[in-house]
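S.K.: predicted model and sequence follow; I will ask about them next.
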Amino acid sequence: MIAGSFVSVFGANLAIAAIDRGWDGTSVSIGVALAAWLARACTMGVLISDRGITLRSWFRTRTYTFDRVRGYDAARYSGILNGFGVSLDPFFPRLRMLTLRVGERWKEFPSTICSRPTAKRLRDEIGGRLRADDVARE
């Protein structure tokens with residue numbers, strides 16, 4: 001949603017400028033970059049499967065098997081949109097991100113930015129899979 005809004009605003013400005021002045025190399029490059037950014041944003045997110053948790057961010061895709069995950073939570077969002085800050089955060093009431101404890105270390109995944117209800121669904125799904133995996137390992 002954020003990427004779509006961004007591309008709509010900047011894409012409209014780019015189109016108006018290109019119609020006015022014509023398409024040059026810079027305009028085409030920016031247009032291609034905006035389209036690629038929007039396409040990648042559409043593929044980002046969390047996939048929970050029988051194998052584990054797959055997290056797709058801007059630059060990489062990581063899969064953590066359930067036997068490596070020792071904890072999980074939906075923490076306050078801390079990423080580029082709020083300057084990685086936690087004080088005076090306008091996103092605090094609404095946005096969350098997934099955090100996982102892999103081994104002994106907690107890892108934050110700002111690319112999993114989501115609403116509170118979506119974060120609750122993620123927590124419930126991961127919790128159910130981890131409990132099922134614990135029973136299978138016992």
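M.R.: Happy to help now that I have it. Numbering: from 1, shown residues only.
S.K.: can you show me the helices along the chain?
M.R.: Ranges of helices within the chain are 2-21, 25-43, 116-137, based on DSSP state H.
S.K.: ok, residue 64 - contacts?
M.R.: 52-53, 55, 100, 102 (Cβ atoms under 8 Å, 6 or more residues apart in numbering). Any C-beta I mention is one placed from the backbone N, CA and C, and that applies to glycine too.
S.K.: select, out of the helices of the chain, the one closest to residue 83.
M.R.: Among those, the nearest to residue 83 by Cβ to Cβ is helix 2-21 (15.2 Å).
S.K.: what's the local residue count around residue 97?
M.R.: 21 (other Cβ atoms under 10 Å).
S.K.: oops, could you answer that again for residue 43 instead?
M.R.: 8.
S.K.: once you drop chain neighbours, what's closest to it?
M.R.: residue 56 (5.9 Å; Cβ to Cβ, 6 or more residues apart in numbering).
S.K.: hey, what's that neighbour bridged with?
M.R.: Counting by DSSP bridges, residue 56 forms beta bridges with residue 45, residue 61.
S.K.: for residue 69, same thing?
M.R.: With DSSP bridges as the criterion, residue 69 is bridged to residue 102.
S.K.: that one contacts residue 48, correct?
M.R.: No. Judged on Cβ atoms under 8 Å, residue 69 makes no contact with residue 48 at a distance of 10.8 Å.
S.K.: common neighbours of these two, please.
M.R.: Joint contacts of residue 69 and residue 48 (Cβ under 8 Å, 6+ apart) are residue 126.
S.K.: show me what counts as buried in the lengthiest strand in the chain.
M.R.: Ranked by number of residues, the top strand in the chain under DSSP state E is strand 105-115. Neighbour-count burial for strand 105-115 flags 108-114 (criterion: 16 or more other Cβ atoms under 10 Å).
S.K.: check contacts around residue 6.
M.R.: Applying Cβ under 8 Å, 6+ apart to residue 6 gives the contacts residue 37.
S.K.: so how far is residue 34 from it?
M.R.: Going from residue 6 to residue 34 by Cβ to Cβ, to the nearest Å gives 8 Å.
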